[in-house]
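Trainee: Okay, sequence plus prediction incoming.
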2 protein chains.
Amino acid sequence: MRKPTMDDVARRAGVSRALVSMALRGSDRVSDASRAAVLAAAHELDYRPNLSARHLASKQTGTLGVLINDLHNPYFPAVADGIKAAADRTGYRLLLNSAFLDDGDERRALEAFVDHNVDGIVLTGPRVASGAIEAIGRMTPVVVVSRPMRSKVVDTINNDDRLGATLATGHLLELGHQHICHIDGGRGAGAAQRRAGYEATMRAAGLEPFVVTSAFTEASGAAAAAKALRADRPLTAIFAGNDLSALGALDIIDAAGLGVPDDVSLVGYDNTFIAALRHIGLTTVEQGRERLGELAVEALIERIDGRRSEARHEVIEPTLVVRRTTAPPKQSSRRSVG
Amino acid sequence: MRKPTMDDVARRAGVSRALVSMALRGSDRVSDASRAAVLAAAHELDYRPNLSARHLASKQTGTLGVLINDLHNPYFPAVADGIKAAADRTGYRLLLNSAFLDDGDERRALEAFVDHNVDGIVLTGPRVASGAIEAIGRMTPVVVVSRPMRSKVVDTINNDDRLGATLATGHLLELGHQHICHIDGGRGAGAAQRRAGYEATMRAAGLEPFVVTSAFTEASGAAAAAKALRADRPLTAIFAGNDLSALGALDIIDAAGLGVPDDVSLVGYDNTFIAALRHIGLTTVEQGRERLGELAVEALIERIDGRRSEARHEVIEPTLVVRRTTAPPKQSSRRSVG
DNA sequence: TGCTTCTGTTGAAGCGCTTCAATCATTGTG
DNA sequence: CACAATGATTGAAGCGCTTCAACAGAAGCA
């Protein structure tokens, strides 16, 4: 049983194919009677338009390509939720893709989007060189989320990492901590800004920053924490570059026989669902990931509709989420461990 | 600057469009000279075939639809990895989609696959009624992963939940536990089989099963654990239906002032990355999720290529992953808590 | 009544590709 | 050397849809 085509609908409704096309797309040049007839016929036949044919004829797909960099990273689902919500509101379909393992994947995923002729592309936390992104941005509207980059051709949406770091550090300062170490994110997206926020806040409080270089992974967070504890400096609090590295630090602190937050306070970044697990209860910074995703889609559609052509770089305010890993330092806290 | 089309390539290579089409698809009726000329021309023009057009003409998309049920669930990435690997090997593209929040999403995602005319569909842990799945399965090859269902039209790939539960329970028995409670997964996928495996193993050891009903979430795991601890029965070990509910249980055990594994041993299921976090170190059961994904794609392609038409239901062997949440019971362990 | 103006509707062209019957060029065979 | 068989190439049809110029009929105006 062949799938019904637009001709079948036209025949059944007793009108021309052209009119069916217009009626289905809600053109206002169609009489109410015809429209009703077409809709009825389409419904009776359970007609589903052939997207490929539509795309081929119209040059539009009504589809947005979304690259979720690394499905394994618990940071992304919330961003995807925001993207989904905004796409639903505006009637766009989503074509998801993930880079999985290597960077070649990412490049191939981008090509796939181009091949599928998506109307626009959202890149979340892409690792690929910005040159490659801009090359695509010149052909198709592109917006980059969670990776600060200054570009004249693609839009970006980010949280204010510097402010987030300031909130985290400020929270620890307010609790009375003075010996705050920052486990940074190395060359990760936003890591530099977070470090800068931390350092500025410390200096403003008249304290000397204490940064241990790391990356946004659990293992590197653990290594960095070990290094920090071994260092010849007092330490009562750690602000980790993201939740994952905070988790690594948490384990090392435990292993050193210290309590969180009794001996050491700990703050993460991203507010992934792991931070929210009751067993963890990590104080952290929420970027406003859903909002990030929504803004991305909105920016994209502005471009698609031709309402804007210059690049826009949006920054949203993160918020602090206080849980159970932060507390005032112990009275006897001027101590060095190691 | 217009995108180059096949005609452009044909002109440049000095052959007909038909020949370009055949050369590009690797037909063996093309002479080496022509093929080389076509390939060179395509490369020089940076030609990318228009998928919509190709599909419209050929009725094939070379694309598999993959529904990842709930991007938030850490169970799925590994399955997706396997799917990805197998698809790469066989040259198929992937069209990801996720159900995000509600069940309507899931239905719409399926429709999107049909509209996009994917060649086959992989459903991981779908919640939608099996009738709806079979309806689609009659039009397009469908394979369902991580949801046991007997069907004459769609294939299924699952781990042996019953065996997995037997491994988990057996591990606890071997350690010397006798008072083992099972926090089950309610109506979740595979929950019934896991419960059955647990019960059978207990009975075989001459012990009375102790099941507390729950669901596959952290919160319900916590509630169930609280109930189990309150019960008027001794308890030295808990086998939770999945990692998430185990995490909930972990928190409650902690809160009750009991140690894991000193006072209570704990086993999960799924081996999500959370279980592997050093700070958690949960003993759990690995389903072989990547393999699950690979098998799914292989089954799908068998159908697409027309090599098979009857439904196949494959089951793979799970393995136990022992970490730090299980240990022999304390000598003085015949005790009831609460 | 004759003319213009709308409003709805249609036929036909065309999107970029695949496919297949038909054609042309070679080579092999008796 | 004629003819069949094989191999390489092409023209044309067609996939299911959109779009647009052209048209028919109803309504408005003088």
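Mentor: Perfect, I can see it now. What you see is a predicted model; the values in this text were computed from it and never measured.
Trainee: distance of residue A:209 from residue A:327?
Mentor: According to Cβ to Cβ, to the nearest Å, residue A:209 stands 22 Å off from residue A:327. For every residue, glycine as well, the C-beta is placed using N, CA and C.
Trainee: And residue A:16, by the same measure?
Mentor: From residue A:16 to residue A:327 the distance is 74 Å (Cβ to Cβ).
Trainee: Checking my notes, residue A:67 in a helix, right?
Mentor: No - Residue A:67 is assigned strand when assessed by DSSP: H, G, I helix; E, B strand; the rest coil, not a helix.
Trainee: re the thing from before, neighbour count: residue A:209 and residue A:327, which is higher?
Mentor: Neighbour comparison, residue A:209 and residue A:327: the larger count goes to residue A:327, with 19 against 16 (by other Cβ atoms under 10 Å in any protein chain shown).
Trainee: Now that one: closest residue in space that isn't a chain neighbour?
Mentor: residue A:261 (3.9 Å; Cβ to Cβ, 6 or more residues apart in numbering or on different chains).
Trainee: do the same with residue A:149
Mentor: Closest residue to residue A:149 apart from its sequence neighbours, by Cβ to Cβ, 6+ apart: residue A:130 at 5.1 Å.
Trainee: For chain A, which residues are neighbours of DNA strand D?
Mentor: Residues of chain A lying near DNA strand D by Cβ under 7 Å from any atom of the strand: A:2-3, A:5-7, A:17-18, A:20-22, A:24-25, A:47, A:49-50, A:53-54, A:56-58, A:60.
Trainee: try 6 Å this time
Mentor: Residues of chain A lying near DNA strand D by Cβ under 6 Å from any atom of the strand: A:5-6, A:17-18, A:21-22, A:25, A:49-50, A:53-54, A:56-58.
Trainee: For ChimeraX, write a command that selects the buried ones of those.
Mentor: Applied in ChimeraX, the following selects the buried portion of the residues of chain A next to DNA strand D according to 16 or more other Cβ atoms under 10 Å in any protein chain shown:
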select /A:5,6,21,22,49,50,53,54,56
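Trainee: Filter the residues of chain A next to DNA strand D down to the ones in helices?
Mentor: A:6, A:17, A:18, A:21, A:22, A:53, A:54, A:56, A:57, A:58 (DSSP state H).
Trainee: Throw those into CSV and include distance to DNA strand C and pLDDT, thanks.
Mentor: Output for those, formatted as CSV (distance: Cβ to the nearest atom of the strand, whole Å; pLDDT from 0 to 100):
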residue, distance to DNA strand C, pLDDT
A:6, 10, 95
A:17, 6, 94
A:18, 3, 94
A:21, 8, 95
A:22, 6, 94
A:53, 7, 94
A:54, 9, 93
A:56, 4, 93
A:57, 4, 94
A:58, 8, 92
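Trainee: now, which of the residues you listed sits nearest residue B:222?
Mentor: Set against residue B:222, the nearest of these by Cβ to Cβ is residue A:54 (49.2 Å).
Trainee: what sits against the closest one?
Mentor: Applying Cβ atoms under 8 Å, 6 or more residues apart in numbering or on different chains to residue A:54 gives no contacts.
Trainee: can you list the residues of chain A near DNA strand C?
Mentor: A:15, A:16, A:18, A:19, A:29, A:30, A:31, A:34, A:56, A:57.
Trainee: Report the contact partners of the residue nearest in space to the middle of chain A.
Mentor: In chain A, the centroid-proximal residue (Cα atoms, centre = their mean) is residue A:79; its distance is 4.3 Å. Residues near residue A:79 by Cβ under 8 Å, 6+ apart: A:68, A:124, A:145, A:146, A:289, A:290, A:292, A:293.
Trainee: In contact with the last one: list those residues for me.
Mentor: Neighbour list for residue A:293: A:78, A:79, A:80, A:81, A:82, A:83, A:84, A:85, A:86, A:122, A:124, A:145 [criterion: Cβ under 8 Å, 6+ apart].
Trainee: how about a cut-off of 7 Å?
Mentor: Residues near residue A:293 by Cβ atoms under 7 Å, 6 or more residues apart in numbering or on different chains: A:79, A:80, A:81, A:82, A:83, A:86, A:145.
Trainee: in which helix or strand would I find it?
Mentor: In this structure, residue A:293 sits in helix A:289-304 according to DSSP states H and E.
Trainee: how far out from the middle of the chain is that helix?
Mentor: Here helix A:289-304 is found 11 Å from its chain centre; the criterion is Cα atoms, centre = their mean, to the nearest Å.
Trainee: for stretch A:224-240, same thing?
Mentor: Its chain's C-alpha centre and that of stretch A:224-240 lie 29 Å apart, by Cα atoms, centre = their mean.
Trainee: what sits up against it?
Mentor: A:168-169, A:172, A:177, A:179-183, A:198, A:210, A:212, A:214, A:221, A:245-246, A:248-249, A:252-253, A:256, A:264-269, A:329, A:333-338.
Trainee: Could I get the phi/psi values of residue A:285?
Mentor: phi -120, psi 130 (degrees, to the nearest 10).
Trainee: partner residues bridging it?
Mentor: residue A:320 (DSSP bridges).
Trainee: Point out where the stretch 1-150 of chain A drops to low pLDDT.
Mentor: A:1, A:100-102 (pLDDT under 70).
Trainee: SS state for residue A:173?
Mentor: Classified using three-state DSSP, residue A:173 is helix.
Trainee: what bits of the stretch 201-338 of chain A have low per-residue confidence?
Mentor: Ranges of the stretch 201-338 of chain A meeting pLDDT under 70: A:331-338.
Trainee: Please consider this matter closed, and thank you.
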